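Engineer: Test case, fold it:
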Amino acid sequence: MANSKYEYVRNFESDDRLLPSTWLVVRIDGQGFTQFTARHDFAKPNDVRALQLMNRAAVTVVDSMRDLVIAYGQSDEYSFVFAKDTKAFERRASKLATLLVSKFTAAYVFYWSEYFPQTRLQAPPAFDARVVMYPSDRILRDYMCWRQVDCHINNMYNTCFWALVNNGSVSRKDAEKRLKGTLAKDKHEIMFGEFGINYNNEEEIFKKGSVVVRRRELVDVADPSGAIIQRIKVTLETLHCDIVGDAFWDARPEILGGKHACALNQQEHASSTLE
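Structural biologist: This is a model prediction of the structure:
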């Protein structure tokens with residue numbers, strides 16, 4: 001940029017670089033989605049098309065930003081985790097948040113017609129974003145557990161609430177009153193006893209949300225000379241599984257691998273065309 005007498009205005013910009021060696025989580029959340037879902041006639045309590053669209057947008061984001069090691073989504077929110085040692089955009093909070101949320105929103109609009117082919121987009125969807133730093137692997141895992149537990153609690157409530165409204169001919173206000181102060185076992189009894197709904201049989205995407213991770217496997221490829229060599233093939237997977245227990249993390253040590261994770265992502269960049 002050429003120097004000019006006006007360049008002094010840059011001194012008013014604040015430095016928003018985030019602390020080094022901390023996990024960076026960007027969480028996006030739908031703005032005004034109660035009205036948005038009503039306007040577009042989303043199914044209640046869950047519209048699988050909407051959740052799949054959220055997942056498609058999330059995969060687009062993770063695929064475009066290689067320092068993202070995992071993403072978790074439920075309802076109208078998604079959390080994206082940057083590797084602990086990421087140097088992306090000099091770890092500037094404003095850059096990370098705005099770029100990620102704009103990519104996500106653009107993908108949501110771009111793929112809308114694939115998941116809602118009979119529904120014209122009536123209003124532009126909007127998402128906000130925040131960046132939070134977490135200092136340790138344990139706290140990061142607790143954050144992810146918090147979001148999945150939140151998914152379970154909200155989904156159980158919503159499933160019971162809409163069973164009362166849709167199948168029990170109860171007003172929304174009366175459904176809220178009936179569920180106020182109820183425990184999980186109470187909601188199970190209402191759903192099964194009155195409507196024959198076994199909550200345990202509900203789809204995992206509703207109960208557990210969605211996890212986007214990279215799956216790595218060795219594959220044989222031919223080099224220019226025709227010799228067969230092994231390369232790492234990377235694909236993105238969207239899972240609906242438990243992330244509270246150790247099994248998920250033990251099977252994917254690269255997620256919490258710190259510097260190793262970033263280095264591995266860089267090594268894999270050349271082989272990502274195999275996806």
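Engineer: hey, let's count contacts and neighbours off CA atoms from now on
Structural biologist: Noted.
Engineer: can you pull out the strands in the stretch 1-150 of the chain?
Structural biologist: For the stretch 1-150 of the chain, the strands defined by DSSP state E, counting those that start in this stretch occupy 23-30, 68-74, 77-82, 127-134.
Engineer: Distance from the third one to the middle of the chain?
Structural biologist: Per Cα atoms, centre = their mean, to the nearest Å, the displacement of strand 77-82 from the mean C-alpha position of its chain is 5 Å.
Engineer: Can you tell me the strand partners of it and which way each runs?
Structural biologist: Strands flanking strand 77-82 in the sheet, each with its direction: strand 23-30 (antiparallel), strand 68-74 (antiparallel) (DSSP bridges).
Engineer: now the angle from that strand to strand 127-134?
Structural biologist: Inter-element angle recorded for strand 77-82 and strand 127-134: 40 degrees (by axes from the mean of the first three to the mean of the last three Cα atoms, to 10 degrees).
Engineer: Repeat that for the second one.
Structural biologist: Orientation note: strand 68-74 sits at an angle of 130 degrees relative to strand 127-134 (the same axes, to 10 degrees).
Engineer: wait, is residue 219 part of a strand?
Structural biologist: Yes: under DSSP: H, G, I helix; E, B strand; the rest coil, residue 219 sits within a strand.
Engineer: My read is that it contacts residue 231, right?
Structural biologist: Yes: using Cα atoms under 8 Å, residue 219 is in contact with residue 231, at 5.5 Å.
Engineer: The two: which has the busier surroundings?
Structural biologist: Higher neighbour count among residue 219 and residue 231: residue 231, with 18 against 13, using other Cα atoms under 10 Å.
Engineer: Go ahead and confirm that one touches residue 218.
Structural biologist: Yes: under the criterion of Cα under 8 Å, residue 231 makes contact with residue 218 at 5.6 Å.
Engineer: any low-confidence regions in the stretch 101-250 of the chain?
Structural biologist: For the stretch 101-250 of the chain, no stretch has pLDDT under 70.
Engineer: how about the helices in it?
Structural biologist: Using DSSP state H, counting those that start in this stretch, the helices of the stretch 101-250 of the chain run over 112-115, 137-166, 172-179, 184-195, 204-208, 246-250.
Engineer: tell me which residues in the second one are buried?
Structural biologist: The neighbour-count check on helix 137-166 (16 or more other Cα atoms under 10 Å) flags 137, 140-141, 143-145, 147-152, 154-157, 159-165 as buried.
Engineer: Repeat that for the fourth one.
Structural biologist: Using 16+ other Cα under 10 Å as the burial criterion, the residues of helix 184-195 that qualify are 187-191.
Engineer: what about residue 37, how many neighbours?
Structural biologist: By the criterion of other Cα under 10 Å, residue 37 has 16 neighbours.
Engineer: Save the strands paired with strand 77-82 as TSV, and put in mean pLDDT too.
Structural biologist: Formatted as TSV, those follow (pLDDT from 0 to 100):
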stretch	mean pLDDT
strand 23-30	98
strand 68-74	98
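Engineer: Give me whichever of those is most buried.
Structural biologist: Most buried of these by mean neighbour count (mean count of other Cα atoms under 10 Å) is strand 68-74; its value is a mean of 24.
Engineer: measure residue 211 to residue 92 for me?
Structural biologist: 25 Å (Cα to Cα, to the nearest Å).
Engineer: Of these two, which one has the most company?
Structural biologist: The residue with more neighbours, out of residue 211 and residue 92, is residue 211; 24 against 16, by other Cα under 10 Å.
Engineer: Just grab the bridge partners of that one for me.
Structural biologist: When bridges are called by DSSP bridges, residue 211 pairs up with residue 72, residue 239.
Engineer: Do I have it right that it meets residue 248?
Structural biologist: No: Residue 211 is not in contact with residue 248 according to Cα under 8 Å; the separation is 10.6 Å.
Engineer: Can you tell me how far residue 214 is from residue 68?
Structural biologist: From residue 214 across to residue 68, the span is 10 Å (Cα to Cα).
Engineer: and what of residue 60?
Structural biologist: 12 Å.
Engineer: and what of residue 81?
Structural biologist: Distance, residue 81 to residue 68, by Cα to Cα: 6 Å.
Engineer: Residue 4 too?
Structural biologist: Taking Cα to Cα, one finds residue 4 at 38 Å from residue 68.
Engineer: Then residue 224?
Structural biologist: 31 Å.
Engineer: what does residue 231 give?
Structural biologist: Relative to residue 68, residue 231 is positioned 21 Å away (Cα to Cα).
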